[in-house]
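> one predicted model, sequence on top.
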Amino acid sequence: MTSEPDSIIVVRDLCIGWGDRILMEHLSFDVARAERFVILGGSGSGKSTLLQNLIGLVEPRSGTILIDGSPPPAPETAPPRFGVMFQSGALFGSMTLLENVSLPLNRWTDLPADAIEEIALARLRLVALEGFENHSPSEISGGMKKRAGIARALALEPSLLFLDEPSAGLDPISSVELDELLLTLNEELGVTLVMVTHELESIDKVATRCIVLDGETRGIIADGPPRELRSQTEPIFVKHFFNREPRSA
Amino acid sequence: MPASFNLTRLPKLSGAGGICLQLSGQLALPDATEFWQKLKEEIEPGRGHEIDLSAVERLDGVCAAMLVSVEAEARCSGQYLHFHGASPGVERLLALYGIDGNPCKAPPTHLRILEQVGEATCSLVANTRNTLSFIGELSLSAIRAIRTPKSVHWADLGKLLERAGADSVPIVIAINLLVGFILGLQSAMQMEQFGVGIYVADLVGMSVVRELGPLMTAIIVTGRSGAAYAAQIGTMVVSEEVSALRSMGFDPVRFLVIPRTIALALMVPLLVVIGNFVGLLGGLLVGVLYLDVSISAYILRTQSVIGLSDWCSGLLKAAVFGIAIALIACERGFSTRGGAEGVGTSTTSAVVTMLFTLVCLDAFFTIIFSALGI
Ligand SMILES: Nc1ncnc2c1ncn2[C@@H]1O[C@H](COP(=O)(O)OP(=O)(O)O)[C@@H](O)[C@H]1O
Ligand SMILES: [Mg+2]
């Protein structure tokens, strides 16, 4: 199998799992640069685990992952080449939003403090959190936390952003605003998006391509743009998922 | 490595008598520090500026944020700083980062107060960091941390010291005073039978300074700070904050554990000193109130029994206890799995492990010290 020349992520024959338990095996797929790539699948099928493998938090059981042509660096050794937004935002409660966003800049650049502050403020402005820079995470809403998480993930100017269920638990308006933000990042700044999500509307709006993971066959059961997957009747899980039908229907 | 951008001053003035600058090349994070300095050098406060962006090949968010910031600074000081010739892409990026809407900073008077507070805090943190760095050299991971001090969350340290230290003082005083008093009373009742009441000073003095002061204080710190650390870090694990740290290139262990270890290594001995004094005071109360020994006689007796080596061995133990508490608490915290319930489990397990370890360490020290004759 060869990879497209402009693939930002290349996954070959990947096997992931915890302990003795294999969740997915023989996974192979490419993510093209500037794609908006969505990972779908039932709860517990291993979407978050796949994400953790891709970003290098967990060592794959076997197989290769290449990001920009090389394996994800061991964390802590080099500045990360991508941003990650965790499900709840994962902001540090003891710091203000500004400090949260400044953290990676402080760690990995030698920019003077005033420049870091300006950059962090601009990132917050980008995610429409202007004026909240001195708030602590406990003082803002769920949607704002996620946006702040994105601002922090963008701090080091990554060209690739991983998001785990960005719109989970958001009201419809915040959810649409978040989708808009993601589209802006992708279209205006050329950021490649790799995200796990369950929101059908978000998928329609944001995704250019989806893969569907299946826990039983431990593999990818569908791959393509959401519009195509929606009209598919096989495999049955994909049909149920896109038509909001119960398993037994 | 030569910078891949250029910021040059053109030998002409703009229509309104402002300075004309030309920016060209690639503006991105790797050169951002240089760009920021250059920008600050070239822009003269109190004058208008025209910056030609037509030769900019690439602009990233970091440098866009810097341009937006200098524009706002000029505008807010009553000057102008215009960009022209920007390609649509560059223009769009500047707009995204709020070139039109970047508001002015708070008025300068306000800022000066903030600055002062900030500076004071910075020097305080810097001072503590220097002192602590020295102690930190004792352990291998601290050496790595000093090579990359940015990889440790030093900003937490002040708060940790305060919580572990100052906030524990009342309970440390209460418990140690009572322990000294109880110990004194128990021994006084025995000693009195043999008519050697004054030996209460020996017994209380030695037991408090060498054993009970450090141990009781460490137990209090276990309950307050140890449990708190385990729960804090456990919560960070289950809320993915630890993963987030790693994804940003931090070693969470170094980032979180070193400040906590340092906090306890410093604060436990300090608390022990306080605890020892009030423990001795408890004994003195018994001596004076129950045995009718004079204050000065009791103090003299105590002084003659407790030597420097007793104090030192107690304080050495205290520092080791502090480090042990911090390390166990953090280790348990990091091993948290599952949700809120997991945090509860790991906190309980941390407290039990800490108490057990404290007693074992104490026994170990007692054996070693007696073997060495200290
Ligand atoms: N840190 C972990 N250790 C052990 N097992 C885990 C861990 N994280 C997740 N799992 C297990 O792996 C399976 C897949 O989890 P996950 O990838 O989070 O699923 P999804 O995100 O698709 O809902 C689940 O059964 C879960 O219990
Ligand atoms: Mg998940």
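Alright, I've got the coordinates. Values in this document were obtained by computation on a predicted structure and should not be read as measured data. Ligands and ions are numbered 1, 2, ... in the order given.
> which ones are touching residue A:81?
Under the criterion of C-beta atoms under 8 Å, 6 or more residues apart in numbering or on different chains, the neighbours of residue A:81 are A:67, A:68, A:72, A:73, A:158, A:159, A:160. The way it works is simple: take the backbone N, C-alpha and C, and place the C-beta from them, glycine included.
> in the helix or strand where residue A:149 lies, what's buried?
Element membership of residue A:149 [criterion: DSSP states H and E] is helix A:142-153. Buried residues in helix A:142-153, defined by neighbour count with 16 or more other C-beta atoms under 10 Å in any protein chain shown: A:143, A:144, A:145, A:146, A:147, A:148, A:149, A:150, A:151, A:152, A:153.
> one more: stretch B:65-85?
So for stretch B:65-85, counting by 16+ other C-beta under 10 Å, buried means B:65-74, B:79, B:81, B:83.
> and ligand 1, is the helix or strand of chain A with the lowest mean pLDDT touching that?
Sorting the helices and strands of chain A by mean pLDDT, DSSP states H and E puts helix A:236-243 at the bottom, at a mean of 79. No. Under the criterion of C-beta under 6 Å from any ligand atom, helix A:236-243 makes no contact with ligand 1; the nearest approach is 13.1 Å.
> just how off-centre is that helix within its chain?
When distances are taken as C-alpha atoms, centre = their mean, to the nearest Å, helix A:236-243 is centred 22 Å away from the chain's centroid.
> thought residue B:150 was touching residue A:105?
No. Counting by C-beta atoms under 8 Å, residue B:150 stays clear of residue A:105, with 10.2 Å between them.
> more crowded one of the two?
The residue with more neighbours, out of residue B:150 and residue A:105, is residue A:105; 25 against 15, by other C-beta atoms under 10 Å in any protein chain shown.
> pretty sure the more buried one belongs to a strand, no?
No. According to DSSP: H, G, I helix; E, B strand; the rest coil, residue A:105 belongs to no strand; its state is helix.
> list the contacts for it?
Residue A:105 neighbours (C-beta under 8 Å, 6+ apart): A:111, A:116, A:119, A:120, A:155, A:156.
> could you do residue B:294 as well?
Listed by C-beta under 8 Å, 6+ apart, the contact set of residue B:294 reads residue B:288.
> rerun that using 6 Å as the cut-off
By C-beta atoms under 6 Å, 6 or more residues apart in numbering or on different chains, the contact list for residue B:294 is empty.
> what separation do you get for it and residue B:221?
Residue B:294 is 35 Å from residue B:221, where distance means C-beta to C-beta, to the nearest Å.
> what segments of the chain are strands?
If you meant another chain, say so; for now it's chain A. According to DSSP state E, chain A carries its strands in the segments A:7-18, A:21-32, A:36-41, A:62-67, A:83-85, A:160-164, A:192-196, A:209-214, A:219-224.
> my question was about chain B
Ranges of strands in chain B, per DSSP E, are B:5-13, B:19-27, B:49-59, B:81-84.
> of all the ones you listed, which lies closest to residue A:25?
Among those, the nearest to residue A:25 by C-beta to C-beta is strand B:49-59 (41.0 Å).
> what helices and strands are in contact with the closest one?
strand B:19-27, strand B:81-84, helix B:88-96 (3 or more C-beta pairs under 6 Å, 6 or more residues apart in numbering or on different chains; DSSP states H and E).
> can you state the direction angle for it and strand B:5-13?
Here strand B:49-59 runs at an angle of 160 degrees relative to strand B:5-13 (axes from the mean of the first three to the mean of the last three C-alpha atoms, to 10 degrees).
> and strand B:49-59, how far out from the chain middle?
Using C-alpha atoms, centre = their mean, the offset of strand B:49-59 from its chain centre is 43 Å.
> so how far is ligand 1 from residue B:355?
Using C-beta to the nearest ligand atom, to the nearest Å, residue B:355 is found at 29 Å from ligand 1.
> do residue A:132 as well
In terms of C-beta to the nearest ligand atom, residue A:132 sits 29 Å off from ligand 1.
> ok, longest helix in chain A?
Criterion DSSP state H: the longest helix present in chain A is helix A:172-189.
> same question but for chain B, I mixed them up
Assigned via DSSP H, chain B shows its longest helix as helix B:252-289.
> excluding chain neighbours, what is closest to the residue of chain A found nearest chain B?
Nearest residue of chain A to chain B, counting by C-beta to the nearest C-beta: residue A:122, 3.2 Å away. Residue nearest to residue A:122 in three dimensions, not counting chain neighbours: residue B:65, with 3.2 Å by C-beta to C-beta, 6 or more residues apart in numbering or on different chains.
> quick one: contacts for residue 92?
Using chain A. So residue A:92 contacts residue A:100 (C-beta under 6 Å, 6+ apart).
> hm, I was asking about chain B
For residue B:92, the contact set (C-beta under 6 Å, 6+ apart) comprises residue A:188.
> distance check, it against ligand 1.
With distances taken as C-beta to the nearest ligand atom, residue B:92 is found 35 Å from ligand 1.
> enumerate the positions of stretch A:83-101 that are buried.
Neighbour counts using 16+ other C-beta under 10 Å place A:83-92, A:95-101 of stretch A:83-101 among the buried residues.
> measure residue A:42 to residue A:215 for me?
Per C-beta to C-beta, residue A:42 is found 6 Å from residue A:215.
> quick one: which of the contacts of residue A:105 is most hemmed in?
Among those, residue A:119 has the most neighbours (other C-beta under 10 Å), with 31 neighbours.
> not counting its neighbours along the chain, what's nearest that one?
Closest residue to residue A:119 apart from its sequence neighbours, by C-beta to C-beta, 6+ apart: residue B:65 at 4.4 Å.
> tell me the buried residues in stretch A:185-199?
By neighbour count on 16+ other C-beta under 10 Å, the buried set for stretch A:185-199 is A:185, A:186, A:189, A:191, A:192, A:193, A:194, A:195, A:196, A:197, A:198, A:199.
> skipping its backbone neighbours, what lies nearest the fourth one in space?
Going back to what we said before, that points to residue A:191. residue A:185 (4.5 Å).
> and the third one, by the same measure?
Distances taken as C-beta to C-beta, 6+ apart place residue B:61 nearest to residue A:189, at 6.9 Å, with adjacent residues excluded.
> and residue B:55, what are its bridge partners?
residue B:24 (DSSP bridges).
> please report how far it lies from chain A.
In this view, residue B:55 and chain A are 21 Å apart by C-beta to the nearest C-beta, to the nearest Å.
> same deal with residue B:351?
Using C-beta to the nearest C-beta, residue B:351 is found at 22 Å from chain A.
> need the contact list for residue A:104.
Residue A:104 touches A:155, A:156, B:248, counting by C-beta under 6 Å, 6+ apart.
> any idea how far the last one lies from residue A:143?
Note on residue B:248: its distance to residue A:143, by C-beta to C-beta, is 22 Å.
> what's the burial count for residue 157?
Went with chain A since none was named. Using other C-beta under 10 Å, residue A:157 is surrounded by 19 other residues.
> let me rephrase: I mean chain B.
Residues within reach of residue B:157, counting by other C-beta under 10 Å, total 20.
> that one against residue B:260, yeah?
No. At 8.7 Å, residue B:157 and residue B:260 do not qualify as touching, with contact defined as C-beta atoms under 6 Å.
> and the nearest residue to residue A:155 once chain neighbours are set aside, what's its pLDDT?
Using C-beta to C-beta, 6+ apart and skipping residues adjacent in sequence, the residue nearest residue A:155 is residue A:104, 4.5 Å away. Looking at residue A:104, its pLDDT is 91.
> now do the one 3 residues further on
As predicted, residue A:107 sits at a pLDDT of 88.
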